[in-house]
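Student: Take this sequence and fold it.
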Amino acid sequence: MSFRSRRYARELGRRGGQAKAAKRRAAGAPPAPYFGDFLTFREAVGRGGPTRALWTVLWRAVDGLPLDAEQLAAWRLHTGRQDAPAAPCREVWVLAGRRSGKSENVMLRATWRCISRPWSEVLSPGEVGVIPVVASDRDQARNSLHYLKGLAKQPPVVPYVAQITRDSVRFRTGAEVRVVTASWRATRGYTFLDAVLEECAFYSDETGAEADVEILAAIRPALLTVPDARIYGISSPYARRGILYTAVSEHWGQVGDEVLIFNASTLALNPTVPARTIEREFETDPARAASEYGQDGLVSFRSDVESFLSREVIAAAVVTDRRELPPLSGVTYIAFTDPSGGSQDSFTLAIAHREGERVVLDAVREVRPAFSPEDVVTEYAGALKSYHVSRVTGDRYAGEWPRERFATHGITYQPSERTKSDLYRELLPLVNAGKAELLDVPRLAAQLAGLERRVARGGKDSVDHGPGGHDDLANAAAGALVLAGSGGASLMNWIPLGSWSPSPWLRDGDSHRGWLT
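Tutor: Just a heads-up that it's a prediction; the model follows:
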C-alpha cells in the first residue's frame, strides 16, 4: 500500500473513531427532563382514569393546583379543611385503606420526581440525589420494588434509566429511587430529593429506639438543600401513637397549614375493590376493619389497641450498664425459655431470682434464625447448669421435642401453665410498681415497649407484639420474672453454698439446697 493510501486509511479510521466517540457521548448524555407534570406522567404510564379520581384530588392539592367543585367537595371531606389549597404543601401524610393503591402512587411520584429535572445541575459533581422509600418490612419492600422496576420498563421512563439494581433504580438525571426497610441507619448520609415513608404506622426497631421518630429525624436534615423536597408519609392507620398519629393530631383540618393530612378509605381511593368483601370484614371485626378499610370515606386509628408498657416505665426498670449478673451462692434461680424450630423466630432463655419484694433478671440469651435447635439446647443447658438450674419452664405449644432434647442434658423441661398473655399481665404490676430489675439489653427493652394490649369482641383482652414485631426475648424474660416472683417451680433447683454438691431430692421451701462435702 502506498504512502498516500495508508494516510487516507488512517484518516478514515480517525474520523470513524471520532464518530463512534461522539455517538457514545450522545448516548451517555442525559436526556432532556420529562416535560409533563405529574398528572400527565401518570396518564402516560397508564395509571390514570376515573377509578383513581380521588388520587387525582390528592396530587392536585399536593402541587397547589386548582380544584373544581366536585374535587373541592372531596377535598373538604378527606382533609377537614374548607378552603382549597393555595400553594404546594411541605409535607404530606396520607391515611389510606388497604388495597387502595398506596405503593403504586408513591412509586409513580418518586419516579416522576427523578426524571422531571436535571438533578446533576442541582447536585455537586459526582453526587447522587436519592429518594428513599422506607418500607415497614421486607415484604413491603419487595412489593414496592415490584412497582418501581415495573415503572422502569415503561416507554416514557426507559430513556432515563441508567441502572437497575437489586433494591434501586438509578436514572441518568443523577437521581435514584432506593427501597430500604425501616431503619434510621439506612436513612443517614445521603442527599434526599424527597422521602417516602411507606406504611409508617407499622415501623418497628429492636435496637431500643423509637424507629419512626429516629427515621424522621434522620431524613428531615437531608432534605434541606434540595428545592421543593418533600416528605410523603403514607400508611394504613394503626395504634394511636407514632409519627403518623402525631402528624394527624397536630395538622388535621388546619387551614393554610403547609403540612397536608389526607384521610381516605379503601373504596374512596380504589372503587374496584369488592364492597361486599369489606362488609364481611366489618361483620367479623369492626375495629380492625375501620382501620384497615374504613367507612363513610375515611379510615380511623384503632380504638382496641394500646401500648402495654410505656417506654418511661421500662427505662426506670432497667439497671444501666448491667448486661448480666453472675451466679451467686445462696440464690434460687428460675429459668424460662421460648423455644423455636430455627427457621422463623429466635430461641430465647431468661434466668431470674427474687430478692425480698423485688424480682431481678440475671441473664438473657437469644439465638436468631437460622440455627440448629439441638445446638442451642446444648448451649442453653450449659448456661442453666452454670446457674445450677435443673429445670426450665417453656412454651406449652412447642411440643415434645424441647422436653426430649433438654432431658438428654439432665434438664427437666416443664410446659408453662400460663399463656403468654397471662405472663405479660402478671409482669405489668411488677414493672409499674418498680419491683422488677431489668438488664440493659436494648432488644429486650424494645420488645417490651412494642407489646400491645388488644381488646377483642366480648371484652377479653390479649397481649402480644405488634405487626412485624417480635417478643421472643420479652416472653422469656416475663416468664422468668413472673415465676421468680410467684415462688418458682414445684421442684427446687440446687444452688451451691460454699463447697456443695447437688442433691436431686430437695423441693421448694427446703431450708438447705445441697449436700456439704
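Student: Taking the centroid of this structure, which residue is nearest it?
Tutor: residue 203 (3.1 Å; C-alpha atoms, centre = their mean).
Student: pLDDT value on that residue, please?
Tutor: For residue 203, the model assigns a pLDDT of 87.
Student: So what does it have for phi and psi?
Tutor: Main-chain dihedrals, residue 203, degrees, to the nearest 10: phi -70, psi 140.
Student: Any chance you could list what contacts stretch 37-52?
Tutor: Contacts of stretch 37-52 with the rest of the structure, by C-beta atoms under 8 Å, 6 or more residues apart in numbering, involve 34, 36, 56, 59-60, 63, 101, 104-105, 108-109, 111-112, 116, 151, 154, 156-157, 269-272. Quick note: C-beta positions are derived from backbone N, CA and C, even for glycine.
Student: and those residues, which are buried?
Tutor: When those are checked for burial by 16 or more other C-beta atoms under 10 Å, the buried set is 34, 56, 59-60, 101, 104-105, 108-109, 111-112, 116, 151, 156-157, 269-270.
Student: What about those, which are in helices?
Tutor: Among the buried ones among the contacts of stretch 37-52, DSSP state H puts 56, 59-60, 104-105, 108-109, 111-112, 151, 269 in helices.
Student: Just send those back as a markdown table, with pLDDT and distance to residue 409 too.
Tutor: Below are these laid out as a markdown table (pLDDT from 0 to 100; distance: C-beta to C-beta, whole Å):
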| residue | pLDDT | distance to residue 409 |
| --- | --- | --- |
| 56 | 97 | 65 |
| 59 | 97 | 62 |
| 60 | 97 | 67 |
| 104 | 95 | 53 |
| 105 | 96 | 55 |
| 108 | 97 | 57 |
| 109 | 97 | 57 |
| 111 | 97 | 57 |
| 112 | 97 | 61 |
| 151 | 95 | 55 |
| 269 | 97 | 57 |
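Student: what helices or strands is the helix or strand that contains residue 250 leaning on?
Tutor: Using DSSP states H and E, the element containing residue 250 is helix 242-251. If you count contacts as 3 or more C-beta pairs under 8 Å, 6 or more residues apart in numbering; DSSP states H and E, helix 242-251 packs onto strand 91-96, helix 211-222, strand 231-235, strand 259-264.
Student: how about 6 Å then?
Tutor: Using 3 or more C-beta pairs under 6 Å, 6 or more residues apart in numbering; DSSP states H and E, the elements in contact with helix 242-251 are helix 211-222, strand 259-264.
Student: So which of the ones you listed is nearest residue 327?
Tutor: When these are compared by C-beta to C-beta, helix 211-222 sits nearest residue 327, at 35.2 Å.
Student: now residue 324, nearest residue through space, not along the chain?
Tutor: Once flanking residues are discounted, residue 324 sits nearest to residue 363: 4.8 Å by C-beta to C-beta, 6 or more residues apart in numbering.
Student: Which of the three states applies to the one you found?
Tutor: Following DSSP: H, G, I helix; E, B strand; the rest coil, residue 363 is assigned to strand.
Student: Which one of the ones in helices among the buried ones among the contacts of stretch 37-52 is nearest to residue 392?
Tutor: Minimum distance to residue 392 across these is 49.3 Å, recorded for residue 104 (C-beta to C-beta).
Student: Alright, that wraps it up for me.
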